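Asks: how would this look folded up:
(one chain, ligands or ions: 1)
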Amino acid sequence: MRNNAATTPRPTRRIAPISRAARRNTPPLREVYGRLYATYGPQWWWLADSSFEVCLGAILTQGAAWSNVEKGLENLRRAGLFSPGALRAAPRDTLAALLYPCGYFNAKARKVKAFVEHLGERWSDDLDAFLHQPADVLRSELLGIYGIGPETADDIALHAAGQPSFVVDAYTRRLLARLGLADERWPYDRTRALFMERLPHDPTLFNEYHALIVRHGKERCLKRAPRCEGCCLQPLCPAGQASIGKRGAP
Ligand code: SF4
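Replies: Numbers count the residues shown, from 1 in each chain. You can find the predicted model right below:
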């Protein structure tokens, strides 16, 4: 199962901004992937029991550590609510109480309800048929469901449906910005387009790449105090080089 526990690094040092000259020399995404894979190896994400569980996890993980999402999923399972029909029939307050560990439990109960109601009304609970539409059709339909934004839609499309839809999260934005490949303030779809346009549309590659970025973001490319010394991406990373150069200067 996905390991999405939040990291809360101590704010000890801000990384240096990237110069315009450094931005011109940006590394290719494939080389970044190769270095991450060589360092961390395969990540084995989303080893869930079912596609339905992956869909629920994608909705519940918004703003929550994965360990807390797992508690919410387990609560639903124990309450016998681990199916679209059971979730539709359950009162929203009951659902919210069971999802308490996930945070924003009232909002998440509403989002889960909206998802299973859509599944029932449009697909008669045939999740496989829903998920195996063409990737762009599925993504657009997901985005039309209350509470599903682009990151959640891509999470579901990639991890539950096995469709080639790259997931962009805060770790991705931060890493791309430091590598000089993107600006953290770019709209979601502009950042996602970097991967969609430059990499082969291979769900296994997209899954592994995203998982590696998250691993790297938690272990090394931390928000406030990245550990650039010895980082596998440091030779490619303008921000890391600037940071190390600054500290090395007399
Ligand atoms: S060198 Fe590595 S840890 Fe440092 S900013 Fe670049 S990618 Fe992040």
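Asks: what is the burial count for Ala221?
Replies: Not Ala; residue 221 is Cys. 23 (other C-beta atoms under 10 Å). In this view, the C-beta of every residue, glycine as well, is placed from N, C-alpha and C.
Asks: what residues sit buried inside the one helix or strand Gly120 maps to?
Replies: For Gly120, the enclosing helix or strand under DSSP states H and E is helix 105-123. Neighbour-count burial for helix 105-123 flags 105, 108-113, 115-116, 118-119, 123 (criterion: 16 or more other C-beta atoms under 10 Å).
Asks: closest to the ligand among those?
Replies: For these, the minimum distance to the ligand (C-beta to the nearest ligand atom) is 31.4 Å, reached by Lys108.
Asks: phi and psi next, for the nearest residue to the closest one once chain neighbours are set aside.
Replies: Of all residues not flanking Lys108 in the chain, Leu99 sits nearest, at 5.1 Å (C-beta to C-beta, 6 or more residues apart in numbering). Phi and psi for Leu99, reported as degrees, to the nearest 10, are phi -90, psi 10.
Asks: residues in contact with Leu99?
Replies: 60, 72, 75-76, 105, 108-109, 112 (C-beta atoms under 8 Å, 6 or more residues apart in numbering).
Asks: likewise for Tyr33?
Replies: Taking C-beta under 8 Å, 6+ apart as the test, what Tyr33 contacts is 205, 208-209, 212.
Asks: can you list those residues in CSV and add neighbour count, secondary structure and pLDDT?
Replies: Below are the contacts of Tyr33 laid out as CSV (neighbours: other C-beta atoms under 10 Å; DSSP: H, G, I helix; E, B strand; the rest coil; pLDDT from 0 to 100):
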residue, neighbour count, secondary structure, pLDDT
Leu205, 17, helix, 93
Glu208, 20, helix, 95
Tyr209, 23, helix, 96
Leu212, 23, helix, 97
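Asks: in TSV, list those residues along with distance to Gly162.
Replies: Formatted as TSV, those follow (distance: C-beta to C-beta, whole Å):
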residue	distance to Gly162
Leu205	12
Glu208	13
Tyr209	15
Leu212	18
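Asks: where's the nearest residue to Gly103 once chain neighbours are set aside, which helix or strand?
Replies: What sits nearest to Gly103 in space, not counting adjacent residues and going by C-beta to C-beta, 6+ apart, is Ala64, at 4.9 Å. Assigned by DSSP H and E, Ala64 belongs to no helix or strand.
Asks: count of neighbours near Ala64?
Replies: 22.
Asks: switch to numbering from 789
Replies: Renumbered: residue one is now 789, and that last one reads Ala852.
Asks: quick check on it: phi, psi?
Replies: Torsion angles at Ala852 (phi, psi; degrees, to the nearest 10) stand at phi -130, psi 150.
Asks: on that earlier part again, name the next helix or strand following the helix holding Gly908 along the chain.
Replies: Next along from helix 893-911, by DSSP H and E: helix 915-919.
Asks: counting contacts, what elements does the next helix or strand after that following helix pack onto?
Replies: As assigned by DSSP H and E, the chain's next helix or strand after helix 915-919 is helix 923-931. Counting contacts by 3 or more C-beta pairs under 8 Å, 6 or more residues apart in numbering; DSSP states H and E, helix 923-931 is packed against helix 915-919, helix 938-943.
Asks: what comes up buried for the first one?
Replies: Spelled out, that is helix 915-919. 915, 918-919.
Asks: for that helix, which helices and strands make contact with it?
Replies: Applying 3+ C-beta pairs under 8 Å, 6+ apart, we find helix 915-919 packed against helix 839-848, helix 893-911, helix 923-931.
Asks: again, but for the longest one
Replies: Contacting helix 938-943 under the criterion 3+ C-beta pairs under 8 Å, 6+ apart are the following elements: helix 839-848, helix 923-931, helix 976-986.
Asks: list of residues touching the last one?
Replies: Yep, that's helix 976-986 we're talking about. Helix 976-986 is contacted from outside by 816-818, 937-939, 942, 954, 956, 960-961, 964, 969-970, 994, 997, using C-beta under 8 Å, 6+ apart.
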